[in-house]
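Novice: heads up, no residue letters with this:
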(Lines give C-alpha, C1' and ligand atoms only; values in the text may rest on other atoms or scores of the structure.)
Protein backbone atom coordinates (compact mmCIF):
# COMPACT_ATOMS: atom_id res chain seq x y z
CA UNK A 1 0.00 0.00 0.00
CA UNK A 2 1.28 3.50 -0.82
CA UNK A 3 2.33 6.01 1.82
CA UNK A 4 -0.57 8.42 0.97
CA UNK A 5 -3.21 5.72 1.58
CA UNK A 6 -1.51 4.58 4.77
CA UNK A 7 -1.32 8.19 6.04
CA UNK A 8 -5.01 8.68 5.26
CA UNK A 9 -5.98 5.66 7.34
CA UNK A 10 -3.98 6.92 10.30
CA UNK A 11 -5.50 10.36 9.98
CA UNK A 12 -9.04 8.97 9.92
CA UNK A 13 -8.31 6.79 12.95
CA UNK A 14 -7.19 9.84 14.92
CA UNK A 15 -10.25 11.81 13.82
CA UNK A 16 -12.57 8.95 14.80
CA UNK A 17 -11.31 9.02 18.38
CA UNK A 18 -12.74 12.56 18.64
CA UNK A 19 -15.87 12.14 16.52
CA UNK A 20 -17.30 9.00 18.11
CA UNK A 21 -17.94 5.55 16.64
CA UNK A 22 -17.11 5.00 13.00
CA UNK A 23 -19.34 2.80 10.91
CA UNK A 24 -17.81 -0.24 9.20
CA UNK A 25 -19.92 -1.25 6.22
CA UNK A 26 -19.49 -4.66 4.62
CA UNK A 27 -20.46 -5.12 0.98
CA UNK A 28 -20.06 -8.74 0.01
CA UNK A 29 -21.50 -12.19 -0.56
CA UNK A 30 -22.59 -15.24 1.44
CA UNK A 31 -19.19 -15.81 2.98
CA UNK A 32 -19.62 -12.55 4.93
CA UNK A 33 -23.41 -12.13 5.20
CA UNK A 34 -25.82 -12.39 8.13
CA UNK A 35 -27.90 -15.52 8.79
CA UNK A 36 -30.83 -16.12 11.10
CA UNK A 37 -31.00 -18.90 13.69
CA UNK A 38 -32.87 -21.10 11.23
CA UNK A 39 -29.65 -21.37 9.19
CA UNK A 40 -27.49 -22.34 12.19
CA UNK A 41 -24.69 -23.23 12.42
CA UNK A 42 -23.99 -21.23 9.25
CA UNK A 43 -22.43 -17.80 9.80
CA UNK A 44 -20.66 -15.24 7.65
CA UNK A 45 -17.45 -13.69 8.89
CA UNK A 46 -19.18 -10.31 8.99
CA UNK A 47 -21.36 -11.59 11.84
CA UNK A 48 -18.27 -11.92 14.03
CA UNK A 49 -16.39 -8.75 13.09
CA UNK A 50 -17.98 -6.65 15.86
CA UNK A 51 -16.67 -9.08 18.47
CA UNK A 52 -13.16 -7.78 17.71
CA UNK A 53 -14.01 -4.07 17.77
CA UNK A 54 -14.89 -1.77 20.67
CA UNK A 55 -18.50 -0.72 20.16
CA UNK A 56 -17.80 2.84 21.27
CA UNK A 57 -15.25 3.18 18.46
CA UNK A 58 -16.65 1.09 15.60
CA UNK A 59 -20.14 -0.05 14.67
CA UNK A 60 -20.29 -2.86 12.10
CA UNK A 61 -23.02 -2.56 9.46
CA UNK A 62 -23.00 -5.90 7.70
CA UNK A 63 -24.93 -5.44 4.44
CA UNK A 64 -23.35 -8.40 2.64
CA UNK A 65 -25.96 -10.59 0.93
CA UNK A 66 -25.90 -14.25 0.04
CA UNK A 67 -25.62 -15.06 -3.65
CA UNK A 68 -24.61 -11.57 -4.79
CA UNK A 69 -21.79 -10.57 -7.07
CA UNK A 70 -20.19 -7.15 -7.34
CA UNK A 71 -22.67 -6.51 -10.13
CA UNK A 72 -25.92 -7.89 -8.71
CA UNK A 73 -25.36 -6.25 -5.32
CA UNK A 74 -25.59 -2.90 -7.10
CA UNK A 75 -28.23 -3.74 -9.72
CA UNK A 76 -30.59 -5.21 -7.12
CA UNK A 77 -30.29 -2.10 -4.94
CA UNK A 78 -28.45 -3.60 -1.96
CA UNK A 79 -25.88 -0.86 -2.23
CA UNK A 80 -28.54 1.77 -1.48
CA UNK A 81 -28.35 1.06 2.24
CA UNK A 82 -24.68 1.98 2.13
CA UNK A 83 -25.14 5.01 -0.11
CA UNK A 84 -27.72 6.57 2.20
CA UNK A 85 -25.79 6.10 5.45
CA UNK A 86 -22.05 6.07 4.86
CA UNK A 87 -20.23 9.21 5.90
CA UNK A 88 -16.89 10.84 6.53
CA UNK A 89 -14.50 8.67 8.53
CA UNK A 90 -16.46 5.46 7.93
CA UNK A 91 -14.95 2.32 6.42
CA UNK A 92 -16.26 0.22 3.54
CA UNK A 93 -14.99 -3.38 3.31
CA UNK A 94 -15.58 -4.75 -0.20
CA UNK A 95 -15.39 -8.52 -0.76
CA UNK A 96 -16.76 -10.19 -3.87
CA UNK A 97 -15.64 -12.88 -6.30
CA UNK A 98 -17.42 -16.13 -5.45
CA UNK A 99 -20.53 -15.33 -7.50
CA UNK A 100 -18.80 -13.15 -10.08
CA UNK A 101 -17.19 -16.38 -11.32
CA UNK A 102 -20.54 -18.01 -12.23
CA UNK A 103 -20.44 -17.78 -16.01
CA UNK A 104 -23.67 -19.77 -16.27
CA UNK A 105 -25.59 -16.87 -14.66
CA UNK A 106 -25.43 -13.65 -16.72
CA UNK A 107 -27.15 -11.66 -13.95
CA UNK A 108 -24.14 -12.21 -11.69
CA UNK A 109 -21.20 -13.11 -13.91
CA UNK A 110 -18.35 -10.62 -14.39
CA UNK A 111 -15.29 -11.43 -16.44
CA UNK A 112 -12.17 -10.92 -14.32
CA UNK A 113 -10.28 -8.75 -16.79
CA UNK A 114 -12.77 -5.91 -17.34
CA UNK A 115 -16.23 -6.21 -15.79
CA UNK A 116 -15.22 -7.39 -12.31
CA UNK A 117 -12.76 -4.56 -11.57
CA UNK A 118 -15.11 -2.06 -13.19
CA UNK A 119 -17.94 -3.00 -10.81
CA UNK A 120 -15.59 -3.03 -7.82
CA UNK A 121 -14.52 0.49 -8.76
CA UNK A 122 -18.10 1.64 -8.15
CA UNK A 123 -17.75 0.78 -4.46
CA UNK A 124 -14.41 2.54 -4.22
CA UNK A 125 -15.85 5.67 -5.82
CA UNK A 126 -18.86 5.59 -3.50
CA UNK A 127 -16.70 5.50 -0.40
CA UNK A 128 -14.42 8.26 -1.62
CA UNK A 129 -17.35 10.48 -2.60
CA UNK A 130 -18.49 10.33 1.03
CA UNK A 131 -14.97 10.81 2.47
CA UNK A 132 -15.01 7.24 3.76
CA UNK A 133 -12.15 4.74 3.49
CA UNK A 134 -12.60 1.90 0.97
CA UNK A 135 -10.75 -1.35 1.69
CA UNK A 136 -10.76 -4.05 -0.97
CA UNK A 137 -10.82 -7.63 0.33
CA UNK A 138 -9.86 -10.56 -1.88
CA UNK A 139 -12.33 -13.49 -1.80
CA UNK A 140 -12.20 -16.03 1.01
CA UNK A 141 -10.48 -19.23 -0.14
CA UNK A 142 -12.61 -22.31 -0.67
CA UNK A 143 -11.71 -25.39 1.34
CA UNK A 144 -10.85 -27.53 -1.66
CA UNK A 145 -8.05 -30.05 -1.22
CA UNK A 146 -6.75 -32.54 -3.76
CA UNK A 147 -4.42 -35.21 -2.37
CA UNK A 148 -3.51 -32.91 0.51
CA UNK A 149 -2.89 -29.85 -1.65
CA UNK A 150 -5.15 -26.80 -1.37
CA UNK A 151 -6.42 -25.71 -4.78
CA UNK A 152 -6.78 -22.06 -5.81
CA UNK A 153 -10.37 -21.69 -7.04
CA UNK A 154 -10.46 -17.89 -7.46
CA UNK A 155 -7.39 -17.37 -9.65
CA UNK A 156 -7.86 -14.35 -11.89
CA UNK A 157 -10.53 -12.85 -9.63
CA UNK A 158 -8.14 -12.58 -6.72
CA UNK A 159 -5.52 -11.10 -9.03
CA UNK A 160 -8.05 -8.57 -10.36
CA UNK A 161 -8.70 -7.26 -6.84
CA UNK A 162 -4.98 -6.93 -6.16
CA UNK A 163 -4.38 -5.13 -9.42
CA UNK A 164 -7.26 -2.73 -8.84
CA UNK A 165 -6.00 -1.91 -5.35
CA UNK A 166 -2.57 -1.11 -6.77
CA UNK A 167 -3.85 0.88 -9.73
CA UNK A 168 -6.32 2.96 -7.70
CA UNK A 169 -4.16 3.21 -4.55
CA UNK A 170 -6.83 1.48 -2.46
CA UNK A 171 -6.05 -0.30 0.80
CA UNK A 172 -6.09 -4.10 0.37
CA UNK A 173 -6.74 -6.98 2.76
CA UNK A 174 -5.56 -10.09 0.93
CA UNK A 175 -7.99 -12.50 2.60
CA UNK A 176 -7.52 -15.06 -0.15
CA UNK A 177 -3.82 -15.31 0.70
CA UNK A 178 -4.26 -15.34 4.49
CA UNK A 179 -7.17 -17.81 4.44
CA UNK A 180 -5.26 -20.08 2.04
CA UNK A 181 -2.28 -20.10 4.41
CA UNK A 182 -4.66 -20.78 7.31
CA UNK A 183 -6.29 -23.70 5.49
CA UNK A 184 -2.96 -25.24 4.51
CA UNK A 185 -1.74 -25.05 8.09
CA UNK A 186 -4.95 -26.66 9.39
CA UNK A 187 -4.93 -29.35 6.74
CA UNK A 188 -7.76 -31.15 4.96
CA UNK A 189 -9.25 -33.02 7.93
CA UNK A 190 -9.05 -30.34 10.64
CA UNK A 191 -10.37 -27.56 8.40
CA UNK A 192 -13.70 -29.33 7.85
CA UNK A 193 -14.87 -28.31 11.31
CA UNK A 194 -14.64 -24.64 10.33
CA UNK A 195 -16.81 -24.99 7.24
CA UNK A 196 -20.33 -26.31 6.83
CA UNK A 197 -19.50 -29.98 7.19
CA UNK A 198 -22.50 -30.84 9.36
CA UNK A 199 -23.42 -34.55 9.35
CA UNK A 200 -26.69 -33.87 11.20
CA UNK A 201 -27.80 -31.75 8.25
CA UNK A 202 -26.15 -33.97 5.62
CA UNK A 203 -24.01 -31.01 4.58
CA UNK A 204 -20.50 -31.03 3.11
CA UNK A 205 -20.10 -27.39 2.10
CA UNK A 206 -16.55 -26.13 1.49
CA UNK A 207 -17.52 -22.51 0.80
CA UNK A 208 -19.59 -21.41 3.78
CA UNK A 209 -18.54 -21.16 7.40
CA UNK A 210 -19.90 -22.23 10.74
CA UNK A 211 -19.29 -20.16 13.84
CA UNK A 212 -15.71 -21.19 14.62
CA UNK A 213 -14.84 -20.52 10.98
CA UNK A 214 -16.61 -17.15 10.96
CA UNK A 215 -14.65 -16.09 14.04
CA UNK A 216 -11.36 -17.30 12.55
CA UNK A 217 -11.92 -15.51 9.24
CA UNK A 218 -13.09 -12.31 10.95
CA UNK A 219 -9.81 -12.46 12.85
CA UNK A 220 -7.90 -12.73 9.58
CA UNK A 221 -9.74 -9.67 8.28
CA UNK A 222 -8.90 -7.72 11.43
CA UNK A 223 -5.28 -8.84 11.22
CA UNK A 224 -5.10 -7.57 7.65
CA UNK A 225 -6.76 -4.31 8.61
CA UNK A 226 -4.35 -3.85 11.51
CA UNK A 227 -1.42 -4.24 9.12
CA UNK A 228 -2.83 -1.32 7.12
CA UNK A 229 -3.62 0.82 10.15
CA UNK A 230 -1.67 0.05 13.35
CA UNK A 231 -3.83 2.66 15.11
CA UNK A 232 -6.66 0.14 15.00
CA UNK A 233 -5.00 -1.72 17.89
CA UNK A 234 -6.43 0.76 20.40
CA UNK A 235 -9.95 -0.19 19.28
CA UNK A 236 -9.56 -3.98 19.50
CA UNK A 237 -11.21 -5.84 22.39
CA UNK A 238 -9.65 -9.22 21.64
CA UNK A 239 -6.38 -10.39 20.14
CA UNK A 240 -5.85 -10.76 16.41
CA UNK A 241 -2.91 -13.15 16.64
CA UNK A 242 -4.42 -15.71 14.28
CA UNK A 243 -3.77 -17.57 11.08
CA UNK A 244 -0.50 -19.08 9.92
CA UNK A 245 2.48 -17.85 7.89
CA UNK A 246 2.79 -18.75 4.24
CA UNK A 247 5.94 -20.66 5.20
CA UNK A 248 4.19 -22.89 7.76
CA UNK A 249 4.67 -26.12 5.79
CA UNK A 250 8.37 -25.53 5.06
CA UNK A 251 8.96 -24.29 8.62
CA UNK A 252 7.57 -27.58 9.92
CA UNK A 253 9.96 -29.60 7.76
CA UNK A 254 12.87 -27.62 9.18
CA UNK A 255 11.71 -27.79 12.79
CA UNK A 256 14.59 -29.24 14.86
CA UNK A 257 12.39 -30.25 17.80
CA UNK A 258 8.92 -31.41 16.69
CA UNK A 259 5.75 -30.87 18.72
CA UNK A 260 4.34 -33.90 20.51
CA UNK A 261 1.31 -35.45 22.17
CA UNK A 262 1.48 -37.86 25.12
CA UNK A 263 -1.03 -39.46 27.48
CA UNK A 264 -0.42 -39.89 31.18
CA UNK A 265 -1.31 -43.58 31.02
CA UNK A 266 1.92 -44.16 29.09
CA UNK A 267 4.36 -42.39 31.45
CA UNK A 268 3.57 -43.08 35.15
CA UNK A 269 6.48 -43.50 37.56
CA UNK A 270 5.90 -44.83 41.09
CA UNK A 271 7.92 -42.88 43.64
CA UNK A 272 8.13 -42.34 47.39
CA UNK A 273 7.25 -38.90 48.74
CA UNK A 274 9.84 -36.39 47.41
CA UNK A 275 12.08 -34.29 49.65
CA UNK A 276 11.65 -36.61 52.61
CA UNK A 277 7.88 -36.83 52.31
CA UNK A 278 5.87 -39.76 53.61
CA UNK A 279 3.93 -42.39 51.65
CA UNK A 280 3.81 -43.26 47.97
CA UNK A 281 3.17 -41.08 44.95
CA UNK A 282 2.75 -41.46 41.21
CA UNK A 283 4.64 -39.01 38.99
CA UNK A 284 3.73 -38.26 35.37
CA UNK A 285 6.78 -36.48 33.86
CA UNK A 286 5.29 -34.99 30.71
CA UNK A 287 7.87 -34.32 27.97
CA UNK A 288 10.77 -35.12 30.29
CA UNK A 289 12.86 -36.19 27.30
CA UNK A 290 11.87 -33.30 25.02
CA UNK A 291 15.07 -31.51 23.93
CA UNK A 292 15.55 -27.77 24.41
CA UNK A 293 12.44 -27.37 26.56
CA UNK A 294 12.87 -24.51 28.99
CA UNK A 295 10.53 -25.77 31.70
CA UNK A 296 9.35 -28.87 33.52
CA UNK A 297 5.69 -29.83 33.48
CA UNK A 298 4.43 -32.81 35.42
CA UNK A 299 1.52 -34.27 37.28
CA UNK A 300 2.04 -35.83 40.71
CA UNK A 301 -0.57 -37.81 42.62
CA UNK A 302 -0.11 -38.03 46.38
CA UNK A 303 -1.83 -41.18 47.55
CA UNK A 304 -3.42 -41.50 51.00
CA UNK A 305 -1.02 -40.39 53.71
CA UNK A 306 1.62 -39.15 51.24
CA UNK A 307 3.36 -35.82 51.16
CA UNK A 308 6.13 -33.71 49.68
CA UNK A 309 8.63 -32.91 52.43
CA UNK A 310 9.69 -29.45 53.51
CA UNK A 311 12.40 -28.06 51.21
CA UNK A 312 13.89 -24.66 50.31
CA UNK A 313 13.26 -23.06 46.95
CA UNK A 314 15.79 -21.56 44.57
CA UNK A 315 13.38 -21.12 41.67
CA UNK A 316 9.74 -20.23 40.99
CA UNK A 317 7.39 -23.20 41.09
CA UNK A 318 3.63 -23.47 40.57
CA UNK A 319 1.39 -26.24 41.88
CA UNK A 320 -2.22 -26.50 40.73
CA UNK A 321 -4.71 -28.80 42.48
CA UNK A 322 -6.63 -30.97 40.02
CA UNK A 323 -8.49 -33.11 42.55
CA UNK A 324 -8.56 -34.01 46.23
CA UNK A 325 -7.65 -32.04 49.34
CA UNK A 326 -4.40 -31.25 51.07
CA UNK A 327 -2.36 -28.83 53.15
CA UNK A 328 0.17 -26.39 51.73
CA UNK A 329 2.77 -25.43 54.30
CA UNK A 330 4.58 -22.28 53.21
CA UNK A 331 7.03 -20.35 55.37
CA UNK A 332 5.56 -21.75 58.57
CA UNK A 333 1.90 -21.18 57.67
CA UNK A 334 -0.66 -23.89 56.84
CA UNK A 335 -3.20 -23.38 54.05
CA UNK A 336 -5.93 -25.93 53.23
CA UNK A 337 -6.07 -26.50 49.45
CA UNK A 338 -8.52 -28.24 47.14
CA UNK A 339 -9.37 -28.50 43.44
CA UNK A 340 -8.94 -25.16 41.72
CA UNK A 341 -6.32 -23.77 44.11
CA UNK A 342 -2.95 -22.71 42.70
CA UNK A 343 0.22 -22.29 44.76
CA UNK A 344 3.20 -20.17 43.74
CA UNK A 345 6.41 -20.71 45.71
CA UNK A 346 9.08 -18.07 45.17
CA UNK A 347 12.84 -18.31 45.72
CA UNK A 348 13.75 -17.94 49.38
CA UNK A 349 10.61 -19.67 50.63
CA UNK A 350 10.31 -23.24 51.96
CA UNK A 351 7.24 -25.37 51.44
CA UNK A 352 5.74 -28.80 52.00
CA UNK A 353 2.47 -30.40 50.85
CA UNK A 354 0.42 -33.07 52.55
CA UNK A 355 -2.45 -35.16 51.21
CA UNK A 356 -5.60 -34.97 53.36
CA UNK A 357 -8.81 -37.01 53.48
CA UNK A 358 -9.67 -40.16 51.58
CA UNK A 359 -9.18 -38.96 48.00
CA UNK A 360 -5.80 -38.81 46.28
CA UNK A 361 -4.37 -35.30 45.96
CA UNK A 362 -3.58 -34.71 42.26
CA UNK A 363 -1.27 -31.81 41.38
CA UNK A 364 0.01 -30.21 38.20
CA UNK A 365 3.52 -28.81 38.69
CA UNK A 366 5.51 -26.41 36.54
CA UNK A 367 8.93 -24.83 36.97
CA UNK A 368 11.82 -23.65 34.83
CA UNK A 369 14.63 -26.00 34.02
CA UNK A 370 17.79 -25.24 35.97
CA UNK A 371 20.67 -24.51 33.56
CA UNK A 372 23.38 -27.12 33.79
CA UNK A 373 26.86 -25.85 34.74
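Specialist: All right, it came through fine. All of these numbers come straight from a predicted model, not from anything done at the bench.
Novice: neighbours around residue 230, how many?
Specialist: Here the number of neighbours of residue 230 (other C-beta atoms under 10 Å) works out to 12. From N, CA and C alone the C-beta is placed, and that goes for glycine too.
Novice: measure it to residue 191 for me?
Specialist: 30 Å (C-beta to C-beta, to the nearest Å).
Novice: so where's the chain uncertain?
Specialist: 1-19, 371-373 (pLDDT under 70).
Novice: Quick check, central residue of the protein?
Specialist: Residue closest to the mean C-alpha point of the chain, counted by C-alpha atoms, centre = their mean, is residue 242 at 3.8 Å.
Novice: contacting residues around that one?
Specialist: 182, 216, 219, 220, 223 (C-beta atoms under 8 Å, 6 or more residues apart in numbering).
Novice: got it, and residue 86?
Specialist: Here residue 86 is in contact with 23, 25, 92, 126, 127, 130, 132 (C-beta under 8 Å, 6+ apart).
Novice: Would you confirm that it belongs to a helix?
Specialist: No. Applying DSSP: H, G, I helix; E, B strand; the rest coil, one finds residue 86 to be coil, outside a helix.
Novice: can you give me the helices in the stretch 51-200 of the chain?
Specialist: 70-75, 80-83, 115-129, 156-168, 175-186, 188-191 (DSSP state H, counting those that start in this stretch).
Novice: Contacts made by the fifth one with the rest, please.
Specialist: Meaning helix 175-186. Contacts of helix 175-186 (C-beta under 8 Å, 6+ apart): 95, 137-141, 143, 150, 152, 154, 158, 191, 194, 216-217, 220-221, 223-224, 242-246, 248-249.
Novice: Check whether residue 214 really touches residue 49, as I assumed.
Specialist: No. Applying C-beta atoms under 8 Å as the test, residue 214 and residue 49 come out as separate, 9.1 Å apart.
Novice: what's the first-to-last distance across stretch 162-173?
Specialist: 9 Å (C-alpha to C-alpha, to the nearest Å).
Novice: which of the residues in that stretch are buried?
Specialist: Along stretch 162-173, these residues count as buried under the neighbour rule (16 or more other C-beta atoms under 10 Å): 164, 165, 168, 170, 171, 172, 173.
Novice: try stretch 106-120
Specialist: 108, 109, 110, 112, 115, 116, 117, 119, 120.
Novice: repeat for stretch 36-55
Specialist: 41, 42, 43, 44, 45, 46, 47, 48, 49, 50, 52, 53.
Novice: OK, contacts around residue 327?
Specialist: Neighbours of residue 327 in contact, by C-beta under 8 Å, 6+ apart: 334, 335, 336, 337, 353, 354, 356.
Novice: just checking, next helix/strand downstream of whatever helix or strand the first one lives in?
Specialist: In the assignment (DSSP states H and E), residue 334 maps to strand 333-338. Scanning forward in sequence from strand 333-338, with DSSP H and E defining helices and strands, the next element found is strand 342-345.
Novice: And the next helix or strand past that following strand?
Specialist: strand 350-356.
Novice: Show me what that following strand is packed up against.
Specialist: strand 295-302, strand 307-312, strand 325-330, strand 342-345, strand 361-368 (3 or more C-beta pairs under 8 Å, 6 or more residues apart in numbering; DSSP states H and E).
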